[in-house]
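K.L.:
this is a predicted model, with the sequence first.
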Amino acid sequence: QARFRNSNGSYGCFLITGTPPLDGCRVVTCAGLSTTVDHLKEVLHTIVDGYFVLDGDWRFIEANPATSDFLQRPLDELLGNNVWEVFPKAVGKDFWYYYHQAIAEQRSVHFEAESATTRRWFEVHVYPYRQGLEVYFREISLRKRAEARLSLLQELTAALSSALTTEQVAEVIIERARVALGAHIGVVALLTEDRTALTTLNAWQRAELIADEHPRIPLDRPWPLPEAVRTGQPIWIESFEEYAERYPDAVAVLQPGTESQALACLPLVLDSQIIGGLAFSFPHARSFISEDHDQLLAIAHYCTQALE
C-alpha cells in the first residue's frame, strides 16, 4: 500500500500487488492503475511530499527530489549514506525516536516534529519496510508558526490582564515574547517627558548592561530603536552585515555586549502618538517574513494597550 498527496493537498492510497517476473519486467497492479516499477518510481519522484526509503543499516536507498529540497541536501549526499551520519543533530531527537519505534514495534508511526537541522516543521508518516523504513513527509512550518503566534498572543493577553504596573507589563512582554520568538535580548523603552530621549523600562539579560551604561538614549542617536521611535516605522535587520552597514555607531558601542545578528525594533503607538519603542535582538541571522512582521506588530500593539 502506498500513500500519495495530490496537487490539491488531498491524500490517496493505492493497493499495490505484484505478479511473478514476466520477460524480465515486474508488473505492478494498483487500484485503477497498471504500471511498471519504473513508472511507479516516476510517480514517487514527482509528488510534492518528501519520500525516502532507509535500509536496515539506516542508509538512504531511495529518495525523491522533494526530500532533497526539504532536507536541504543534494540527493548524492543522501543516497547510500547513513541518515544519522548525514544528520547527526537528529540523533536522540524526535525523528530518531519515532524511526526506532517503527522498527522495534513493526508498525506505522505518524508524528509532527521540528528538524534540528533545518528548523522546519514536518508531518511524518513512517512505515516498516523489510528491514528498514519507508517515510512520507510534508512541511507544516506555516501552520505550526500560525499556531505558535496564536498561542503567544493568548498567553500575553492572559498575563497582561494581571500586570498592574508599567514595569510588570514590560516584564511580561520581554519574558514571554522573547522566548517564543527565539530572541536572546529584549527591551521596552519609553519616551521622556520632553520627548527627546528614551529610557529603558525593562530589559532582559545582556540588555540590562546597556540600560545601566546608557540609561538615557537620545532620540537622535543613530541606533535602530531610536530611529524606529523617531520615524514611527519598524526597523528590520536580518544580518550582522546589514546591522554594521546601517548602524556602525550602534555596532561599535553595543555589539561587544550583545552579539546581535538580527534585530526587530518597533515604535509603540497609542492613539496615533508614539510613546516609546520595543526591540528584540536575535543571536543568529534571520529573515523577517510577513508573518513575522504581523506577529511582532501585534506584540507591540498588546504592549502599548497594556501600558495605557
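P.N.:
Received, thanks. Everything quoted here is computed from the prediction, not taken from an experiment.
K.L.:
ok, now how distant is the spatially closest residue to Gln131 that is not a sequence neighbour from Asn64?
P.N.:
Leaving aside its chain neighbours, Gln131 sits nearest to Gly56 (3.2 Å; criterion: CB to CB, 6 or more residues apart in numbering). Any C-beta I mention is one placed from the backbone N, CA and C, and that applies to glycine too. Using CB to CB, to the nearest Å, one gets 21 Å for the distance from Gly56 to Asn64.
K.L.:
likewise for His301?
P.N.:
Taking CB to CB, one finds His301 at 43 Å from Asn64.
K.L.:
of these two, which one has the most company?
P.N.:
Legend: neighbour count by other CB atoms under 10 Å for His301 and Asn64, higher for Asn64 (22 against 15).
K.L.:
on the pLDDT front, check that one for me.
P.N.:
If you check Asn64, the pLDDT there is 93.
K.L.:
my read: it touches Val48, true?
P.N.:
No: using CB atoms under 8 Å, Asn64 is not in contact with Val48; the gap is 9.7 Å.
K.L.:
now do the helices in the stretch 201-308 of the chain.
P.N.:
Taking DSSP state H, counting those that start in this stretch, the helices of the stretch 201-308 of the chain run over residues 206-213, 224-231, 240-246, 248-258, 290-307.
K.L.:
run the chain-centre distance for the longest helix that the chain contains.
P.N.:
Ranked by number of residues, the top helix in the chain under DSSP state H is helix 141-160. Its chain's C-alpha centre and that of helix 141-160 lie 14 Å apart, by CA atoms, centre = their mean, to the nearest Å.
K.L.:
please pull up the helix or strand immediately following it.
P.N.:
Per DSSP states H and E, helix 141-160 leads on to helix 166-172 as the next helix or strand towards the C-terminus.
K.L.:
which parts of that next one are buried?
P.N.:
Across helix 166-172, burial judged by 16 or more other CB atoms under 10 Å covers 166, 169-172.
K.L.:
show me what that helix is packed against.
P.N.:
Identification of packing neighbours for helix 166-172 by 3 or more CB pairs under 8 Å, 6 or more residues apart in numbering; DSSP states H and E yields helix 141-160, strand 185-191, strand 197-203, helix 290-307.
K.L.:
sec struct for Arg73, please.
P.N.:
Three-state assignment for Arg73 (DSSP: H, G, I helix; E, B strand; the rest coil): coil.
K.L.:
tell me the contacts of it?
P.N.:
Arg73 makes contacts with Val86, as judged by CB atoms under 8 Å, 6 or more residues apart in numbering.
K.L.:
if I look at it, how far off is Pro128?
P.N.:
Distance, Arg73 to Pro128, by CB to CB: 24 Å.
K.L.:
before we move on, what about Gln295?
P.N.:
On the measure of CB to CB, Gln295 and Pro128 end up 40 Å apart.
K.L.:
surely Ser141 meets Thr118?
P.N.:
No: with contact defined as CB under 8 Å, Ser141 and Thr118 do not form a contacting pair (9.2 Å).
K.L.:
dig out what Val124 forms beta bridges with.
P.N.:
Counting by DSSP bridges, Val124 forms beta bridges with Phe111, Phe137.
K.L.:
that one touches His110, doesn't it?
P.N.:
Yes: using CB under 8 Å, Val124 is in contact with His110, at 7.1 Å.
K.L.:
more neighbours, these two?
P.N.:
Of the pair Val124 and His110, Val124 is the one with more neighbours under other CB under 10 Å, namely 19 against 12.
K.L.:
dump the residue contacts of that one.
P.N.:
95, 98, 109-113, 135-137.
K.L.:
quick one, the helix or strand Tyr127 falls within and helix 141-160 angle?
P.N.:
Using DSSP H and E, Tyr127 sits within strand 121-129. Here strand 121-129 runs at an angle of 130 degrees relative to helix 141-160 (axes from the mean of the first three to the mean of the last three CA atoms, to 10 degrees).
K.L.:
from the chain's centre, how far out does strand 121-129 sit?
P.N.:
With CA atoms, centre = their mean, you get 20 Å for strand 121-129.
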